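**Student:** generate coordinates for the sequence data below:
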Amino acid sequence: MARAKVPNRGKGKQSHKCGICNSRGHRAETCKHGSADLVRRLRVKVKELQKKRGVRPNTGTRGSAAQRPRKSGAYKKAARAKYTGSPKPPAFRPRTARAQVLSRRALVGQPLPAWERLSTTGFGHRCKHFRCSCGGQSFDAPQLCPHRSDKMVFIRCKACRAYHNVYCGTAFHGLRAAPDELHDVVVHYTDLPYKSSPNVDQLVKLTGFGRTQVGHIVSTLLSAEAKAGKDNNSCLKVSEGCEGDAHVLRRTYIGAKNDSFQNEVRAVRDRLKTIVKCKLKPKPTYSSLHVRVAGLAVRGGPLVVQKLGDKLVQTGAVPPPEAKAELISSKLLEHFDKPAAGRKFIPLWLDVLPLQ
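**Tutor:** Residues are numbered from 1 along each chain as shown. Reported below is the predicted structural model:
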């Protein structure tokens, strides 16, 4: 497409106009208009003020981020201090804490002192039923065996003089990690918040060991904690003024052809036929399994938890309520202490209403 023709394009030289009177032939510096002197004096005054105050002329650009006042580091630091308050000095750490940290680091690369530290803290407890292949139960003190391994610690049977790994008969039986590596993982494990589940990936970053190796140690420690909590829960007693409640820990789905829950699936189908009274509808292909627990707690006192039987209900149904027979079969009521003198019962508060 041809370009449109514009009259007088390219003819003659470029012409300039005066900024004061808007006429050609002269500039503002040589203009003879009556207001030209006033405009020239004002321009000179403006230039002097700009030089005096340090104001830069407008160049049409915003400048770099470092030249902007709201992007500078000093402005950010002052704004952060104003928002969060004055920065507090770091808390003073006593030298005992630093000494403990240095003692932990000193055990890295020393398997025998690390195992002695683990034994004194209870992590190296050996089962009393552990025996050697010859039937002996007495062993020498833990010692290094350079011709077998430089990283492991061994015990030696006093009867047949056979060597055994120091982990034999303990909770870490079969572990391939060295005692100093085990000690490092245990130390970082105990430093984690006790109200949250330990994260294996976080321990891997802290220790630098493999994920499989750290995962085995964490699973062993968690199983030991679970066993200790179960033993402690079995001997707790609650007194008057306790509250009870139940909770669904997990809900999963069970197929109709699951061999482990055939009786429960059949009971759900029979109950569905009785309620709906219609056999033409398709049978449900899966059901909801609720894993439940019940507990008793005294305000400011102990908490007792017992697992209830798993309940299978139709998919989409509300969570099943707890029956009295389930509470009796869970042996939760056996944790009640004897009632006070002059009383024949212990009140139990469930949600709002007290039950005897």
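**Student:** after the helix or strand encompassing residue 327 comes which helix or strand?
**Tutor:** Using DSSP states H and E, residue 327 sits within helix 324-329. Going down the chain from helix 324-329, the next helix or strand is strand 348-350, by DSSP H and E.
**Student:** low pLDDT regions in the stretch 251-356 of the chain?
**Tutor:** The model of the stretch 251-356 of the chain has pLDDT under 70 over residues 272-284, 340-343, 351-356.
**Student:** for the protein, longest strand please?
**Tutor:** strand 242-255 (DSSP state E).
**Student:** and for the closest residue to residue 285 other than its chain neighbours, the neighbour number?
**Tutor:** Leaving aside its sequence neighbours, residue 285 sits nearest to residue 256 (Cβ to Cβ, 6 or more residues apart in numbering; 5.5 Å). Any C-beta I mention is one placed from the backbone N, CA and C, and that applies to glycine too. Neighbouring residues of residue 256 were enumerated by other Cβ atoms under 10 Å; the total is 15.
**Student:** pass me the low-pLDDT residue ranges in the chain, would you?
**Tutor:** Residues of the chain meeting the criterion pLDDT under 70: 1-14, 53-72, 84-108, 272-284, 340-343, 351-356.
**Student:** show the contacting residues for residue 207.
**Tutor:** Taking Cβ atoms under 8 Å, 6 or more residues apart in numbering as the contact definition, residue 207 lies against 181, 184-185, 188, 214.
**Student:** and what of residue 218?
**Tutor:** By Cβ under 8 Å, 6+ apart, residue 218 lies in contact with 185, 189, 198, 200, 203.
**Student:** does the third one really touch residue 222, like I thought?
**Tutor:** Right, residue 198. Yes: Residue 198 lies in contact with residue 222 (Cβ atoms under 8 Å); the separation is 7.4 Å.
**Student:** name the residues that touch the longest strand of the chain?
**Tutor:** Contacts for strand 242-255 (Cβ under 8 Å, 6+ apart): 261, 264-265, 285-299, 301, 308, 312, 315, 319, 322, 332, 346, 348-351.
**Student:** looking at residue 198 and residue 222, which one has more neighbours?
**Tutor:** residue 198 (17 against 13).
**Student:** how is the more buried one assigned, secondary-structure-wise?
**Tutor:** Classification of residue 198 using DSSP: H, G, I helix; E, B strand; the rest coil returns coil.
**Student:** any idea how far residue 317 is from it?
**Tutor:** 36 Å (Cβ to Cβ, to the nearest Å).
**Student:** in the chain, which spans are helices?
**Tutor:** For the chain, the helices defined by DSSP state H occupy 36-53, 73-84, 95-106, 111-120, 179-191, 200-207, 211-234, 262-276, 324-329.
**Student:** of all those, which one comes closest to residue 150?
**Tutor:** Proximity to residue 150 (Cβ to Cβ) singles out helix 111-120 among the helices of the chain, at 8.3 Å.
**Student:** give the buried residues for the closest one.
**Tutor:** Of the residues in helix 111-120, those buried by neighbour count under the rule 16 or more other Cβ atoms under 10 Å are 111-119.
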